[in-house]
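Colleague: Structure for this input, please:
(2 chains)
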Amino acid sequence: MKDEAAQVEPTFSWRVGVDSGGTFTDVCLFDASSGDISVWKVASTPDDPSRGIAVGVDEALETHGVAARDRSAAVAYLGHGTTVATNALITGAGARVGLITTAGFRDLLEIGRQKRPDLYDLSLAKPKTLVPRELRFEVSERLLHTGDVAIALDEDAVRTAARQMRDEGVAAVAICFLYAFLNPDHERIAKRIVAEEMPDAFLCASHDIAPEFREFERLSTVTVNAYLGPIMHRYISRLSPRFTDMGVLVPPHLTQSNGGVVRFEAAAQTPVRAVLSGPSTGVVAARAIGTRAGVEDIITFDMGGTSSDVALMAGGDVTQTNESTVHGYPIKAPMLDIHTVGAGGGSIASIDSGGLLKVGPESAGADPGPVCYGLGANQPTVTDANIVLQILNPSHLLDGRMKVRRDLAVDAIAKIAAKLGLGVEETAQGILSVVTANMAKAIRVISVQRGHDPRGYALMAFGGAGPLHAVRLAQELGMERVIVPRNPGILCAMGLLLTDLRADFSSTFLVSLEAGSLSQISTTMSEVEIQAEAWFEEEAIPAEHRRTARRIDMRYEGQNHELPIPVPDGCLDAAMLEGLKEAFAEAHTRMYGFAVEGERINCVTFRVEATGVVQKADLSEAELGPEDAAIAKTGTRDVWYPETGTFTQTELYARDKLRPGMVFNGPAIVEQMDTTTLIPPKVTVRIDRLDNLILELAS
Amino acid sequence: MSADLDPITVEVIGAALSSIVEETGEALVRASYSTNIKERRDCSTALFDREGRTLCQAEHIPIHLGSFLDFIPMILDVHDPANMRPGDVFIGNDAYRGGGTHLPDIVLAEPIFIDGALVAWTVNLAHHSDFVDRAHAHIYQEGMRIPPIRLYRAGALQTDVQELILLNCQVPRERLSDLRAQMAANRVGVQRFTDLCERYGVDTVLASGEALLDYAERKMRAGLEALPDGRWRFEDVFDSLDFDEALPIAVEITIAGSDIRLDFEAPPQVRSGINMTRTALLATVYYIVKSVVDPTVLPNAGLARPITVLAPDGSILNCAHPAAVNGRVQTCQRVADLILGALAQAAPERVSACTNSSCTVAVFSGTRQTGPDVGTYWVYLETIGGGGGARAEADGLDGIHVHVTNTSNLPIEALELEYPLILERYELIDGSGGAGMHRGGMGLRRVYRATEDCMVSVDISRNLSRSWGLEGGGSGGHGGFTVSPDTDAFVRGKGTLRAGEWLEVITPGGGGYGRAIGSRADLAAQ
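Modeller: Next up is the predicted model:
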């Protein structure tokens, strides 16, 4: 702890990121005056997460000598990531929601796309419908596909419904009418009437939340938003005063699924945009680290105890998606295209009735955890396989803080090995190969299925188990380079210091991409740009920090799935139109292998991505030192590799003794508190200027 | 399993094969033009080995497996593999000569060559919404019959073949675009399979494919072993608007050890589109046996090995040329439930009560009377879900597609944009699910109003009979339809809607499970 005299001058030099997870709350501090990044970990307080967050931020600042009285001036930025919205959706702990919709369609929420949850399994259930049938109110009104009114809104019916909902104790109301994305008038009137009758309820309408075509997905989105609205409101209203109380007065920001942050007030209105915010900041950090390291084509690989998240970044841009199904609920919201697979360190290995080895998606969790923890589990996990092969330290984990029992892991895997007719080590390696195949499948979804060849990408591994499995995964996919950042375990908290303010705006308007429609195209685009401008004003983002990227989702007339085509800056004129046609043909060819000369192209959704550039933690670069890594060696361990088919003596390196410039070859293991990196034979490692491990695989 | 092939390699390659078929399926949907494929996803993709055995099928539509079963053998029957070249693409749809189960399902198959040798096939099927507004006395009335012929020869489009096909289609622009999407999907399949062989070696991949068939067989046998041995019989009827009286059908199922045998009884084939080809029957049996025995068995040809299927030749369940087959999916649904009824006696906890047991279809067509495409022919086909059967532990699912079909609905905001129709209601039908300790799933109601004159054909079932409950559960509601009072009466589900007139279709509910205890207030809905 620093003494009084050494206390920092109040110079707005501190930036704080706080990531609140189920077990730990990570606080990441960046000192702009020195360029240092430091991390503070406290236990989460699931009954009221704001308490743990407050304790963590307070302690972290205190430790660095930022006293309460100085914080209003010293803390320049506070970014926060939370899983409160996601958890409420998973556990069904959202609000009591009422729905007002077009007459004839109150069951649409339940019918969905009319598909069953599984093709073959007769016993599965659909996800719970978030609004019970008696709280779904139909009102007379109808628009046509042109946006024209066929039946005027029955305002009395709206009022009656609102009163009934109020009497039923409804806390949140969703309003969704057919074609509201073309003409929001009816939704606006309904919203006003409901607000009059239910001034305390959380209210949202589909044209506000997801003004896009396809009624069920729009309805699902606005309903999820209402379901989460009161939860998010309560959360923020508890958390905000805690920050003020500890002297942090800067407006706090919350992460969104698109990897950006928005102010708390905005976040409270659109909680549906935060349901995938958890893994998004890790991806943002990976992008920042990759960009700084000069690597712009990256697949991120975040492997934890129960699942792995993967995402793709091409040319420095993380692929985004505007629709995804989250825990069974379709959601139209801008999100980083992150794909999750049930494969983690705790994934359980077993032999199925056909005699093949299966790994996951069942997980041993933290308790009883893997067999080697000695807490009574008897089904071997991925972690047990790593212990048996001695890739992980066979006696202790977490810098020696946790004892493990390799003998128990060996016994458990021996039982499976006997059934397979393989040796114990071969079987342990088999468990790793199968889990690798499962993860490779997830990466194929975000790469090859989207027209990207993973062989041209580097794999950035983080999360507790990512660096352990990264090389094997890269080999399976034919990738040649793996990057392991300095602190793979806290990348999400770090990402909070590296993200910008972000908001996405869109408007659906079907129009042909041709000279005759130029004025309609440019008018629609500028309408969306005006919304973005308004947001910049609201967020008080100075002009020099404003960035916008324009995109139009297009398809051949007759198709229903669009491809996003970037629209360059400047005036939307005839020449730019021709450029867009070419860009579409190229994108279509990349995706499907063909383009159709002369076919009419439709513009469908106009999008503007607005960014308020935030001064970010600047990752410092070090000078490259000598190549010799001998001083980082801590000993050797015999590790089993399929390449050698036997236990092979392997050098161990301590991560905190590795310095930029050092180079060494596999087989090697790099150990640190929060992860272990496996470097199999024929792989070369160097430490770059940013203190990343760069692993080069022989092709 | 060969010496150098361990169970782990097999599992790893199995994961890669399923990636490939999913990816080809995604390419097909996204590049397509017709609402039936781009939104309703009425299509399937698969990989086959050299001999035409399924290596892996994407989880799309089980009935499509029926078309896949015979297509490659039929190609090989007519064409000498020695004359095949990379870039050859075979097209076919015929129910008797082209591997199809009905004519709108057009299959495209492309051989995959590694080092000059034909090693596998990538195949996909798309249900083209075409060949509508027809009679179904025999297959010659149902559309164009295409035997397995080359649409592409060494990468070159055979324009004369394509022109002939397109001239016989009602909406040629859509057909052409959907065929392109099918080509795109196969291109992906060839590329990915070739990559996989480069990575693991073609011999390992093929041997793994072989091992995966054995694996599926072992899992299926293990599941059958877990069921009691015995013989169970179940009877039901098949009804539709084509018949004044329901047709009786029955099955006797014998499980002995790890083998299962299904003996069907059915009346002779009829002059109606409800007849099933043998491949349609096999696809239905494989689907439902897998669902009951072990839903996780890989969908490949190995799962069929323990299964014996017998049905009288020339019957509605195993028809012969020239029987019409366009509406065979209705019959398939009934057969799937028939099998559930028999297996319920062996393992009541594993099955559901009878589903709505139908695939309700509404087809609209006409000539555009306004707009930029005035004068062109339009066709809109949709299938409507119904109730699922109640389960031992839960109510039946409401308003879903069951058994051999699994297509999405078309968003209303797409339907009304594309066709001169307005959808006025789309809802669950109160009381349509069979009563019981667990309620049967509810059927659906859809009300359409025409904004231009059009021809309409409605195909419904359970109009005379009702879906049965299990263990004392009640029956589901009927399927049916109504038209606006001024509309000329429909004949056997066919008629004309003039602009402004409406049609209401209701689909059947599923059967209940267990005797109802007291009165269930939620029978209506939840």
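Colleague: alpha carbons only for contacts and neighbour counts from here, please
Modeller: Will do.
Colleague: residues in contact with whichever residue of the stretch 201-350 of chain A sits closest to chain B?
Modeller: Of all residues in the stretch 201-350 of chain A, residue A:214 sits closest to chain B, at 5.6 Å by C-alpha to the nearest C-alpha. Applying C-alpha atoms under 8 Å, 6 or more residues apart in numbering or on different chains, we find residue A:214 in contact with B:411-414.
Colleague: Likewise for residue A:330?
Modeller: By C-alpha under 8 Å, 6+ apart, the contact set of residue A:330 is A:217, A:220-221, A:323-324.
Colleague: Make TSV out of the residues you listed and add secondary structure.
Modeller: Output for these, formatted as TSV (DSSP: H, G, I helix; E, B strand; the rest coil):
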residue	secondary structure
A:217	helix
A:220	helix
A:221	helix
A:323	strand
A:324	strand
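Colleague: so the nearest residue to residue A:272 once chain neighbours are set aside, which of the three states?
Modeller: Excluding its sequence neighbours, the residue lying closest to residue A:272 (C-alpha to C-alpha, 6 or more residues apart in numbering or on different chains) is residue A:225, at 4.7 Å. Classification of residue A:225 using three-state DSSP returns helix.
Colleague: Next, count neighbours for residue A:225.
Modeller: Using other C-alpha atoms under 10 Å in any protein chain shown, the number of residues around residue A:225 comes to 33.
Colleague: For burial, what's the neighbour tally of whichever residue of the stretch 201-350 of chain B sits closest to chain A?
Modeller: In the stretch 201-350 of chain B, the residue that lies nearest chain A is residue B:219 (4.1 Å; C-alpha to the nearest C-alpha). Neighbour count for residue B:219, taken as other C-alpha under 10 Å: 24.
Colleague: where does the closest residue to it other than its chain neighbours land in three-state SS?
Modeller: Setting aside the residues directly before and after it, residue B:219 is nearest to residue A:354 in space (C-alpha to C-alpha, 6+ apart), at 4.1 Å. For residue A:354, the assignment made with three-state DSSP gives coil.
Colleague: The one 4 residues further on now?
Modeller: At residue A:358 the chain is in strand, as set by three-state DSSP.
Colleague: One more: residue A:677?
Modeller: strand.
Colleague: That one pairs with what?
Modeller: residue A:670 (DSSP bridges).
Colleague: Just the local confidence number for it, please.
Modeller: Looking at residue A:677, its pLDDT stands at 97.
Colleague: Tell me who's in contact with the residue of the stretch 101-250 of chain A found nearest chain B.
Modeller: Nearest residue of the stretch 101-250 of chain A to chain B, counting by C-alpha to the nearest C-alpha: residue A:104, 4.2 Å away. Counting by C-alpha under 8 Å, 6+ apart, residue A:104 touches A:138, B:424-427.
Colleague: Name the helix or strand for the nearest residue to residue A:535 once chain neighbours are set aside, please.
Modeller: Residue nearest to residue A:535 in three dimensions, not counting chain neighbours: residue A:503, with 8.0 Å by C-alpha to C-alpha, 6+ apart. For residue A:503, the host element (DSSP states H and E) is strand A:501-512.
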